[in-house]
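**Q** Need a 3D model of the sequence below.
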Amino acid sequence: MLATVLSDINVRPDVSGLPPSVVAGLAHLANNAAGLLVIVSGLGIAVSLIGWVTASFTGNPQLAERSKSSLGVSIGAVALLYLGVAAANYAGRLFS
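**A** Numbering: from 1, shown residues only. Reported below is the predicted structural model:
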């Protein structure tokens with residue numbers, strides 16, 4: 001019963017009533033937000049690599065492990081962001 005009620009819910013955004021400048025502004029905002037997140041993840045990758053090199057020179061295994069894990073987190077964040085943008089682009093084409 002609950003599954004049939006939940007499957008009847010459809011959400012479809014109607015942007016046809018918005019002025020074209022607002023729709024274009026929302027698209028630019030989404031692109032800028034994705035770009036900013038990629039830059040932040042790139043900085044995380046750079047800091048992780050610098051930490052890993054520093055740990056290698058100083059012989060600090062704790063710093064090396066933290067740098068390795070933060071490198072994995074930063075790369076994972078970029079991958080998730082890429083998948084999210086790809087899914088949003090795909091879903092956007094489905095509704096237009």
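
**Q** C-alpha from now on. contacts and neighbour counts both.
**A** Will do.

**Q** What about residue 70, how many residues nearby?
**A** 19 (other Cα atoms under 10 Å).

**Q** Might you report the residue contacts of it?
**A** Contacts here follow Cα atoms under 8 Å, 6 or more residues apart in numbering; on that basis residue 70 touches 44-45, 48.

**Q** can you rerun that using 7 Å?
**A** By Cα atoms under 7 Å, 6 or more residues apart in numbering, the contact list for residue 70 reads residue 48.

**Q** Let me know the secondary structure of it.
**A** helix (DSSP: H, G, I helix; E, B strand; the rest coil).

**Q** Let me know the distance separating it from residue 80.
**A** The spacing between residue 70 and residue 80, counted by Cα to Cα, to the nearest Å, is 15 Å.

**Q** do the same with residue 22
**A** Computed with Cα to Cα, the distance linking residue 22 and residue 80 is 27 Å.

**Q** try residue 43
**A** Distance from residue 43 to residue 80, by Cα to Cα: 16 Å.

**Q** helix or strand for the residue nearest the centre of the chain, which one?
**A** Nearest to the geometric centre of the chain sits residue 81, at 2.3 Å (Cα atoms, centre = their mean). Residue 81 is part of helix 61-95 when elements are defined by DSSP states H and E.
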